[in-house]
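Visitor: sequence-free structure coming up:
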C-alpha cells in the first residue's frame, strides 16, 4: 500500500500533463493553421459587429449571430483601439449594412485587419480548448482516465474542430455551451445546492447569447426533467425534498422558470440593459439591415411571438431582430449536395455531411462503441436502463439536435453539426477499458484507430476546413459533394497568391471568388469575374481569353446563381441574345462619356443590371464546361485552377451550344 499512493499520484500527474499537452497542441494547430488563411465569409461580419458593440454601444450590425462570441473575439481589437470607419455621412452605417461597414473597417481604415483577426481567432480557440477540457472531464467521470484520454485525442485532432476552433464565428462556442448547459442542468437535477443552480442558469443564459439555436436546449431540459422525475430517487432542490413523479417534475419546471429569468438577465446585460439597438448619441440610422416591417411579413407563429415580445420590450430589440432574421434565413436557402441543388434542403444533407467529413477511424470508433453498447444491453436486461440514465444528457443532446438537423432547411454547412461531436468523443471513452486490458488484441485496434485519426488530420493540415475522407475520394474531390462553409469559405487567397507567384508565368489571370477577403490586399492581380462577397461592387466589362482561371468551388457549382443545375434552352437563348450586346457593354465600361450620358438620363442602373445578368450567364456556361473538365490545380482544395487555351474559352463562352456540347463530350471522353 505504501508504494501504491506515490504510483497513483505519479499517474495522475502524467495524465494531467498529457491533457495539458493535448489541449495546447489543439490550440497551436487550430490557430497556426489560420496564419495563412484569409478572412472567411462570416468572420468579417462577426468581428466588425463585435468592435461596434464595444466602441459604439450600438447593436444593429449582424444581430443574427451570437453577441457573446462577437464581443469576445473583438475584445483585442477594441482594446487596441482599432480604427473604426467614420459614421457621419456614412450611408452604410445609416442602413446597418454590416458587410460594407466591415469592408471599410478591414480594408479602408488604414489599419492592418489581419492582426485583429488573428487575435480574435485565438480568443475563439480558447472556447475550443474549453470544449476539449469538458469532454475530458465528462469522459473521465464515465470511463476513467484511459477512456478520457481516448476521447481527448479524438477531439484534439478532429479536422472539424481544428477548422472551426479558431475562426471568428459562433459555431465552436455553441458546441461548448450545448454540452455545458445540458450537463449543468442534469447535475442540478441531482444536486440541489444553490451554487449548482446558479451554474446551470448562467450557462443557459450564455448559451442564448452565443447562438439562437440554443432554443433547442428547452426541449432537452424538458426531456431530462421527465427522465429525472421517473427515476426512483427523490429530487432535492434547496432544502426541500420531492418524492413523487408529479412533484419532481413540477419542482424541475419551477427551477426552469428561474433559469429563464436568469437567462433573460444575461441577455439584457450583453445589450447594455437597453431595449433599443440604436444608440441615440451616434449619427442617426434608419433601420436594421432588413427593416422590421419587412421581416414580420408571413413570418408564422414564431415571428408573431417575437413581435409580441418586442411590443412588451421583454427582451432587447437587437436580440429579437436577430431571432427573426434567423427564422427567415433558415426557411429557405440555396444548398448543394452531391451535384444536386435545393432551396429547402434535404433530410439526407447532414447525414451525408457527417459521413463524408468525419474521419473514417472516427466512424469506426462510433460503430464499435454502438456495437459494445448493444451487446451489453442484450446481455443484461437491466443494463440498458443504467447506461441510459447515466448518459441521459448526452443522449438527449444527440437525439434532439439530430432531429432538428434532419428537419432543417438550412443546409449550408457541416459546421452546424459541431454540437454532436463532443457527445461522440465522450462515448468513445468506453474504449478506455480496452486500452487498460493489458491484452494486445484489445489495445492494438484502439491504438491503430487513434493513429489513423491523427494521420488523417496531419494529411490535410493546415487545410482542415476542406477535409473530406476516403469515402468522398479525399479532400481533392470534396468540391463534387459539398461547398460553402463545408469546404470553401474564402480562406485561400494567400495560398492562391503563392501559387500564382510560382506558376503564373505572366499569363492572364481570371478570378471568381467566394468570400469576404479582398484579393488586392494580398497583391493578387486578376480580372474579376462574378464574385459573391456581399460588397455590392459591380464588375466592369472584360473579355475572356486564354489564361489561368481561378474559381472558388462554391461559384464553380453555381450554388447561389439563378443558373444552377442543368443548362436550359431558355438560358441559352438569352445568352446568345446577350452576346449581340457585347459591343454596347464594352463601350459603356470603356467610354466615360457613354456612362455619363446614361447616368444623366437615369438608365445606368438598368444597363449595369443587364450587363451583370449577361456576365453571370456567361460565367455559368463556362462553369458547366469546367465542372466536366476538372481542375489542373487545387489551392487549399477550395479554389480550383484551370489552364484554358483559346479554343476552350471560345467554345465555352462565345460558341454555339453545339460547340459547348462537343467540347464537354470530348473532354469527358479523354478523362480516365
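Guide: The structure has been received and is ready for your questions. Computed from a predicted model, the values in this text were never measured in an experiment.

Visitor: can I assume residue 493 is in contact with residue 514?
Guide: No: contact between residue 493 and residue 514 fails when scored by Cβ atoms under 8 Å: they sit 10.9 Å apart. Just so you know, the C-beta spots here come from the backbone N, C-alpha and C atoms, and that holds for glycine as well.

Visitor: now the top helix by length along the chain: mean pLDDT?
Guide: Counting by DSSP state H, the longest helix found in the chain is helix 113-156. Helix 113-156 comes out with an average pLDDT of 97.

Visitor: what is the helix or strand following it packed up against?
Guide: Downstream of helix 113-156, the next assigned helix or strand under DSSP states H and E is helix 159-164. Judged by 3 or more Cβ pairs under 8 Å, 6 or more residues apart in numbering; DSSP states H and E, the packing partners of helix 159-164 are helix 4-32, helix 113-156, helix 171-188, helix 440-460.

Visitor: now the angle between helix 113-156 and the third one, please.
Guide: Taking axes from the mean of the first three to the mean of the last three Cα atoms, to 10 degrees, one finds that helix 171-188 is oriented at 50 degrees with respect to helix 113-156.

Visitor: how about helix 171-188: buried residues?
Guide: Using 16 or more other Cβ atoms under 10 Å as the test for burial, helix 171-188 gives 171-186, 188.

Visitor: distance-wise, check the residue most central in space within the chain relative to residue 459.
Guide: The structure's the chain has its C-alpha centroid closest to residue 415; by Cα atoms, centre = their mean the separation is 4.4 Å. According to Cβ to Cβ, to the nearest Å, residue 415 stands 21 Å off from residue 459.

Visitor: show me where pLDDT drops low in the stretch 551-672 of the chain?
Guide: Applying pLDDT under 70 to the stretch 551-672 of the chain flags residues 602, 669-672.

Visitor: all helices of it, in order?
Guide: For the stretch 551-672 of the chain, helices defined by DSSP state H, counting those that start in this stretch occupy the ranges 553-556, 569-579, 582-590, 592-600, 604-629, 646-653, 657-670.

Visitor: show me what counts as buried in stretch 276-284.
Guide: Buried residues in stretch 276-284, counted by 16+ other Cβ under 10 Å: 277, 278, 279.

Visitor: next one: stretch 626-634
Guide: Neighbour-count burial for stretch 626-634 flags 626, 627, 629, 631, 634 (criterion: 16+ other Cβ under 10 Å).

Visitor: now what about it, what contacts it?
Guide: Applying Cβ atoms under 8 Å, 6 or more residues apart in numbering, the external contacts of stretch 626-634 come out as 476, 499, 503, 549, 551, 556-557, 640-643, 648, 652, 664, 667-668, 671.

Visitor: now the helices of the stretch 551-672 of the chain as a markdown table including distance to residue 316?
Guide: Shown next, in a markdown table, are these (distance: least, Cβ to Cβ, whole Å):
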| stretch | distance to residue 316 |
| --- | --- |
| helix 553-556 | 34 |
| helix 569-579 | 46 |
| helix 582-590 | 46 |
| helix 592-600 | 42 |
| helix 604-629 | 37 |
| helix 646-653 | 51 |
| helix 657-670 | 54 |
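
Visitor: quick check: which of the ones you listed is nearest to residue 331?
Guide: Among the helices of the stretch 551-672 of the chain, the nearest to residue 331 by Cβ to Cβ is helix 553-556 (20.9 Å).

Visitor: how many neighbouring residues does residue 195 have?
Guide: 8 (other Cβ atoms under 10 Å).

Visitor: quick check: which element contains it?
Guide: Following DSSP H and E, one finds residue 195 within helix 194-208.

Visitor: any buried residues in that helix, and which?
Guide: Residues of helix 194-208 classed as buried: 196, 197, 199, 200, 201, 202, 203, 204, 205, 206, 207, 208 (neighbour count, 16+ other Cβ under 10 Å).

Visitor: name the nearest of those residues relative to residue 361.
Guide: Closest approach to residue 361 among those (Cβ to Cβ): residue 207, at 30.7 Å.

Visitor: please look at that closest one and residue 181 and confirm they touch.
Guide: Yes: the pair residue 207 / residue 181 is scored as a contact, 4.8 Å apart, by Cβ under 8 Å.

Visitor: can you name the next helix or strand after the helix holding residue 195?
Guide: Next helix or strand after helix 194-208 toward the C-terminus (DSSP H and E): helix 217-230.
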